[in-house]
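K.L.:
Coordinates only, no sequence provided:
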């Protein structure tokens, strides 16, 4: 910490945009994960030049730099486990250009997802990756994690919408990557690698994004299933049946119970619920997809098949899913909802088996786990309900997590669907990608020979990441 | 050439799968570009192990290895300008798995695009990147170039459909990249960088691809325009108007004249023609898109607005576009159709200006150029009609090409939409990507420290690539 030349950094960003008091450092040392560590200083650059100057300094002194958006990452991506400078990008929040006829916009990385969509609305278009945290998540953070959300089944993840970007490399060089056109085949399309690299390769200082028309019609339906198998067969039947949902969500019984317990929604106490949506410009086409999905649900013993085009009714149908997250938090006075094995993707045909396996592994380890997610894109989320102040619960949880990811690998699934790796998922990630870790490290060195950008994450993350600091924080 | 240990290579691939006689080497030294150079030997591996053994040997001896599919590349990607081993992947042509419920297939790289689609058809799905050369192009070659085609406007380019792959690295290591799921955020998604890397980073030995349902309805329409401006405004109006074509093609007057001269189609002698298609599962939705496109065309003075769902009539409407390529070849006894500045992408609003600029630059340099392409994805193709045995025509053509790409850069376009860089487009590519060339070279070294994979391409391509060998070949 004594390494840091505070006056030099103040010269770059200005007095008001540097924070070094312990209270601020503490806040910036946490994100939405179970991890925490103190940075040495926080700087809030306002433009590309300031970012370049900070990187030149940090690279020269070999000081870690952790780029940070909203801090809504669930796996510790922005937690500075080796200390260093937090580069808070939220001041760089200008929408630089919206070009409706050329179908792209250019934004600074600190723009909040919902703000971008607000600005795009008058043009009749939207930016589709939108994770559940879109109210706070920044475009830069979403790029770092290749974020996606409920509509990725139709519109893809962040990478699909990123046409190009400007990136400051660790040595301060500014490079422009990609293009402003829908297709490009002009040499290495490096921006596609930067997406999902969790701030380890470069600092994204501008992004060129594509967008899509806002559909005139949206219809949302639900179906209840007595068994997870039936729900899983419905998922595989829909996705393998040439049907095109704009959303396909699974909610399990643990989540249903949590919602019913904490709010008065009266969801049926079934083993699984599916929410399915279709959207489009023509009602007949949306009807077609919805009818096809209902038919598949019916064939797989789905019941309570309601659906609606009406916005209020859709909100009502979706309420259970929307409130799942806070419901889990309020589920018990004793148990906390913890993001640990929070995210994975599996083939459609394994969705039900995955949910059941999660429940079994949880039970075997004396914890409670819920399984839900954007199953239309293969994404499964979980939360662990446990007492985080009890070391034995942590041990159980970590054992369960390892078992779950072992299962995920055995069915050709992958460790993260959309939340990224950070620290929490690094052990599973290293096992899954064992044969390409060395290549990833070579790539990392090509970008960042001094290893200053977000060091100690992904392939370099510690095996035993719940440090003493973490535990102190958690029992505080 | 004397470096090559022929017996060792024969031990690996077998006597019948090694070619070293001059006639074979000559054929394998050319692709669909203006370039040509003799390799030292051609080997045809049958499996991953053989590829690994070849790479171990080549890496040890620092011998260039050029991976080759059908040789349908237009820019010299597979021309061995530094000699070396041609790795002909066409024997590795097995479809390993088609998994309809999990919506992926796994294929070897030598599988021909049309053959894959033939195999997918019984499942009601198709693999959409399909370039014009799909009858011969291999999946491996399409991955190398991030290929796309007429339907990229709706379904994206190759990268969008590649979920994962197995790659043999230059030192013989086998790595598995990506996943089998629609979304993934598990560390560096290196396969997305391999797509479009033109065989310079690794040898793709297996690919996991997604596919999409075959639409029940397709409707193709056309419109004629007296001016390129009107056609260009229609393109920007459609793409910026929230309309979703599955195809949107521009054909200019040079191409129309060539088609009319060489076959009896009687196309109207207008300045520009647009072909527009929509597809979907519901006729009302296809009607909606087609009507919307016709309306935009009409507003921009488009005439002759015919459209049809009927397969025969669609083939008739598309005939002019389909026959464009052979028509240009047969346009004149003296002039040849040459792929030089054959491919670029520009923002929609610049499409007409780009076509006009191409014509003006051609005229100024005393050559004839046609402009056409998949303008729905920003892609513009050209062909140069010239006498390739005349050195002054080459000089003019190369001057024109440089001027065209200078213009493309000035309007924020990019050097290649879908044909890649290889040798022909390397000078323009280097100017466009000047600030990231060094980074690309760092990445190349991280994968291939001995520079054996397709050396002398992309950032390492020679500035003056029409060598004496090329010229001798062309005047032969």
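P.N.:
Alright, I've got the coordinates. Note that the structure is predicted; figures quoted are calculated from it, not measured.

K.L.:
The longest helix seen in chain A packs against which elements?
P.N.:
If you go by DSSP state H, chain A has its longest helix at helix A:391-410. With contacts taken as 3 or more CB pairs under 8 Å, 6 or more residues apart in numbering or on different chains; DSSP states H and E, helix A:391-410 sits against strand A:343-345, helix A:351-364, strand A:379-386, helix A:426-432. For every residue, glycine as well, the C-beta is placed using N, CA and C.

K.L.:
right, so those: which one is the most enclosed?
P.N.:
The highest mean neighbour count among the helices and strands packed on helix A:391-410, using mean count of other CB atoms under 10 Å in any protein chain shown, belongs to strand A:343-345: a mean of 29.

K.L.:
Pass me the low-pLDDT residue ranges in the stretch 351-476 of chain A, would you?
P.N.:
The stretch 351-476 of chain A contains residues with pLDDT under 70 at A:465-476.

K.L.:
give me that answer again for 50
P.N.:
Scanning the stretch 351-476 of chain A for pLDDT under 50 picks out the ranges A:468, A:475-476.

K.L.:
Which of the residues in stretch A:300-320 are classified as buried?
P.N.:
Buried residues in stretch A:300-320, counting neighbours by 16 or more other CB atoms under 10 Å in any protein chain shown, are found at A:300-302, A:305, A:307-308, A:314, A:317-318, A:320.

K.L.:
what mean pLDDT would you report for it?
P.N.:
Mean pLDDT, stretch A:300-320: 95.

K.L.:
ok so, going back, buried ones in the longest helix of chain A?
P.N.:
Judged by neighbour count using 16+ other CB under 10 Å, the buried positions of helix A:391-410 are A:393-394, A:396-398, A:400-401, A:403-405, A:407-409.

K.L.:
Let me have the helices and strands packed on helix A:391-410 in TSV, extended by distance to chain B.
P.N.:
Formatted as TSV, the helices and strands packed on helix A:391-410 follow (distance: least, CB to the nearest CB, whole Å):
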stretch	distance to chain B
strand A:343-345	4
helix A:351-364	10
strand A:379-386	6
helix A:426-432	6
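
K.L.:
Just send those back as JSON lines, with distance to residue B:88 too.
P.N.:
Shown next, in JSON lines, are the helices and strands packed on helix A:391-410 (distance: least, CB to CB, whole Å):
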{"stretch": "strand A:343-345", "distance to residue B:88": "35"}
{"stretch": "helix A:351-364", "distance to residue B:88": "41"}
{"stretch": "strand A:379-386", "distance to residue B:88": "40"}
{"stretch": "helix A:426-432", "distance to residue B:88": "33"}
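
K.L.:
which one of the ones you listed lies closest to residue A:8?
P.N.:
helix A:426-432 (32.8 Å; CB to CB).

K.L.:
what distance separates the closest one from the centre of its chain?
P.N.:
In terms of CA atoms, centre = their mean, to the nearest Å, the centre of helix A:426-432 is set 17 Å apart from its chain centre.

K.L.:
One more: stretch A:275-285?
P.N.:
On the basis of CA atoms, centre = their mean, stretch A:275-285 sits 26 Å off its chain's mean C-alpha point.

K.L.:
what mean pLDDT would you report for that stretch?
P.N.:
Stretch A:275-285 comes out with an average pLDDT of 98.

K.L.:
Near chain B, which residues of the stretch 1-150 of chain A? Just list them.
P.N.:
Counting by CB under 8 Å from any CB of the partner chain, the residues of the stretch 1-150 of chain A close to chain B are A:99-104, A:124-125, A:145-148.

K.L.:
Separate out the buried members of the residues you listed.
P.N.:
A:99-104, A:125, A:145-148.

K.L.:
Out of the residues you listed, name the ones that lie in helices.
P.N.:
For those, membership in helices holds for residue A:145, with DSSP H as the criterion.

K.L.:
ok, the buried ones among the residues of the stretch 1-150 of chain A next to chain B vs residue B:206, which is closest?
P.N.:
Using CB to CB, those come closest to residue B:206 at residue A:146, 22.7 Å.

K.L.:
So what's the residue count around the nearest residue to the closest one once chain neighbours are set aside?
P.N.:
Excluding its sequence neighbours, the residue lying closest to residue A:146 (CB to CB, 6 or more residues apart in numbering or on different chains) is residue A:196, at 3.6 Å. Other residues near residue A:196 come to 26 when the count uses other CB atoms under 10 Å in any protein chain shown.

K.L.:
Look at residue A:196 and report its pLDDT.
P.N.:
98.

K.L.:
again with the one 4 residues further on
P.N.:
As summarised for this prediction, residue A:200 has a pLDDT of 98.
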